[in-house]
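K.L.:
sharing a model prediction with you, sequence too.
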Amino acid sequence: MPRAFPLRSPVLSGLVLVLAAGCAPSLPGPSGARPVAVRPDTLWVPPPDSRPERKAEVAPRALPADIAARRTALTLEDVVGLALEGSPDVRAAWATARAQAAAYGAARGAWFPAIQGSATATRLKTAAILGRNAVTQTVYQPSASFTYLLLDLGGRSGEVRAAREGLVAANWTHNSTLQNVVATAAAAYFDYTAAKALLSAQRTTVAQADTNLASAEERRRVGVATISDVLQARTALAQARLDLQALEGNLLTTRGALAVATGFPATLEYDVDTMAVERDVTVLSDSVDRLITEAVAERPDLAAVQAEYQQARARVQVARAQRLPSITANGSAGYTKVGGQPGGWANSYTVTLGVQIPLFNGFTWEYNQRQAEAEAEAARARAEGLGQQVVFQVFRSYYDLRTATARVGSAEELLASARESAESARARYQAGVGSLLELLTAESALAGARAQRIQSRLGWQAALVQLARDAGLLDLQGQSPLRLVPAGTSNDSLP
């Protein structure tokens with residue numbers, strides 16, 4: 001007789017566990033792939049058929065004909081126009097505004113009754129029982145019904161108001177997006193223009209260093225200079241060429257960034273008008289208080305958050321109305337005709353006037369109102385916070401522009417002084433009374449002065465655009481109505 005295992009036998013228990021594990025459901029996963037990665041430190045491999053199909057290549061965006069004709073000398077207005085036309089952010093903001101306009105139109109439909117029509121045709125046959133003959137009939141029933149909210153003590157008007165403020169906020173956000181795109185494109189334009197100017201200045205420095213090396217070698221050949229002078233000249237030339245290579249790489253980077261800012265690939269073949277760097281520097285005559293007032297009134301992003309606050313307040317009105325009575329009217333009218341029976345269409349109608357009084361629903365209405373009130377308070381705080389930021393941004397940009405204006409004048413003086421110093425050192429060296437080290441030091445200072453002049457002018461133009469953006473006055477051509485006067489005519493000074 002075979003031996004039976006006791007119920008608590010370890011062997012029997014293990015068997016039960018194995019069978020239970022085998023019957024347990026496995027983790028679900030996509031067909032043809034593991035549900036998850038094998039280990040926590042490995043990648044999950046998707047099934048072959050889960051990768052999206054490659055769509056047909058989209059035709060690259062082409063430059064407009066009028067701009068393509070001058071693609072090697074684009075102006076700031078050209079760059080800004082291309083950026084506005086090709087920006088996905090602008091298209092998304094505009095689509096959002098159109099969606100909010102449709103939502104506002106849908107919300108206004110609550111002021112009208114909802115009317116529905118229907119028509120049915122029923123074919124029926126009765127059973128022949130208890131001596132009765134079977135009857136076959138066709139019944140036609142067209143009808144119409146309506147539902148109309150007559151009075152709800154603020155809920156309907158609150159919904160319409162919330163939708164309207166949402167539309168206003170979306171439109172202001174669209175305006176803000178346009179200004180952001182313009183400011184970004186203008187900054188990229190100035191960066192690329194400055195990179196070109198810096199590269200041109202550095203090429204001049206390399207040429208001068210090459211001349212110095214040739215002069216040092218010639219002086220050593222005739223015995224009036226040592227090998228140390230030649231080595232110093234070679235070192236200066238190598239450093240100048242190294243800086244030139246860095247600027248060449250930076251030029252390509254800023255060129256690609258400008259192309260992307262206009263909505264084109266970084267490989268776009270184009271160039272810009274470098275005369276922007278040589279623009280006459282003027283002084284801002286507007287006071288900071290006036291610009292802050294303008295910003296508070298004109299900044300589209302500030303207007304957007306203020307509209308969102310009004311929208312949140314309207315939702316409080318909607319939540320409060322859920323707890324109040326409402327009056328509705330319902331009605332229907334229809335005709336009935338039985339096919340094959342004498343007589344015409346028989347009409348019928350019903351009209352109902354009712355009052356709905358909210359009594360209790362587990363405190364949901366009360367919590368909805370509290371939620372709406374808290375959200376309105378949060379929206380008000382966001383509006384106040386942005387208002388404070390706007391004031392600070394204008395204040396900071398205002399004095400950044402004043403500082404940039406002063407730096408332009410100082411850079412011009414530095415360049416003039418460095419140029420005279422380099423010419424003097426060169427004359428002394430050629431006359432044999434100056435050292436090569438003195439000449440290289442003076443020319444290094446001259447190269448730095450050239451770069452400072454270019455960067456100061458770039459900083460002034462960038463600060464001008466930024467101030468116009470922060471004040472909400474930047475137009476869609478990258479310009480602004482800021483009042484500028486020639487340098488030396490403003491009495492305002494830095495604190």
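P.N.:
Arrived safely, thanks for sending.

K.L.:
quick one: what helix or strand has the residue nearest to the spatial centre of the chain in it?
P.N.:
Geometric centre of the chain, nearest residue: Asp89, 5.1 Å, by C-alpha atoms, centre = their mean. In this assignment (DSSP states H and E), Asp89 forms part of helix 88-108.

K.L.:
which helices and strands does that helix pack with?
P.N.:
Packed against helix 88-108 by the contact rule (3 or more C-beta pairs under 8 Å, 6 or more residues apart in numbering; DSSP states H and E) you find helix 155-221. All C-beta atoms are positioned from the backbone trio N, CA, C, and that covers glycine.

K.L.:
the helix it packs on - contacts with which helices or strands?
P.N.:
helix 76-86, helix 88-108, helix 227-261, helix 300-321, helix 436-470.

K.L.:
pLDDT weak spots in this structure?
P.N.:
The model of the chain has pLDDT under 70 over residues 1-26, 29, 49-60, 276-278, 487-495.

K.L.:
show me which residues of stretch 196-207 are buried.
P.N.:
For stretch 196-207, the neighbour count (16 or more other C-beta atoms under 10 Å) marks 196-199, 201-202, 205-206 as buried.

K.L.:
turn those residues into a markdown table, columns for distance to Gln461.
P.N.:
Compiled in a markdown table, the buried residues of stretch 196-207 are given as follows (distance: C-beta to C-beta, whole Å):
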| residue | distance to Gln461 |
| --- | --- |
| Lys196 | 14 |
| Ala197 | 12 |
| Leu198 | 15 |
| Leu199 | 18 |
| Ala201 | 17 |
| Gln202 | 21 |
| Thr205 | 24 |
| Val206 | 27 |
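
K.L.:
for Leu268, what are phi and psi?
P.N.:
For Leu268, the backbone dihedrals (degrees, to the nearest 10) come out as phi -60, psi 140.

K.L.:
how about the contacts made by it?
P.N.:
Applying C-beta atoms under 8 Å, 6 or more residues apart in numbering to Leu268 gives the contacts 259, 262.

K.L.:
re the thing from before, which of the helices and strands packed on helix 155-221 sits closest to Val160?
P.N.:
helix 88-108 (4.8 Å; C-beta to C-beta).

K.L.:
still on that earlier bit, closest one to Arg402 out of the buried residues of stretch 196-207, please.
P.N.:
Compare each of the buried residues of stretch 196-207 with Arg402 using C-beta to C-beta and the shortest gap goes to Ala197, at 23.3 Å.

K.L.:
now that closest one: closest residue in space that isn't a chain neighbour?
P.N.:
Ile454 (4.6 Å; C-beta to C-beta, 6 or more residues apart in numbering).

K.L.:
test my guess that the one you found contacts Leu199.
P.N.:
No - the pair Ile454 / Leu199 is not scored as a contact, 10.0 Å apart, by C-beta atoms under 8 Å.

K.L.:
contacts only, for the nearest residue to Ala110 once chain neighbours are set aside.
P.N.:
Once flanking residues are discounted, Ala110 sits nearest to Arg156: 4.7 Å by C-beta to C-beta, 6+ apart. Contacts for Arg156 (C-beta under 8 Å, 6+ apart) come out as 110-111, 149, 321.

K.L.:
one more pass at 10 Å, please.
P.N.:
107-108, 110-111, 149, 318, 321, 326 (C-beta atoms under 10 Å, 6 or more residues apart in numbering).

K.L.:
check Gln239 too.
P.N.:
With C-beta under 10 Å, 6+ apart, Gln239 has these contacts: 205-206, 209, 440, 444.

K.L.:
please apply the same query to Leu251.
P.N.:
192, 194-196, 198-199.

K.L.:
for Glu269, same thing?
P.N.:
Per C-beta under 10 Å, 6+ apart, neighbours of Glu269: 63, 71-72, 259.

K.L.:
ok, which pair from the residues you listed is furthest apart?
P.N.:
Top of the distance list for the contacts of Glu269 (C-beta to C-beta): Thr72 and Ala259, 13.8 Å.

K.L.:
between the two, which one's more packed in?
P.N.:
Each of Thr72 and Ala259 has its neighbours counted (other C-beta atoms under 10 Å); Ala259 has more, 20 against 10.
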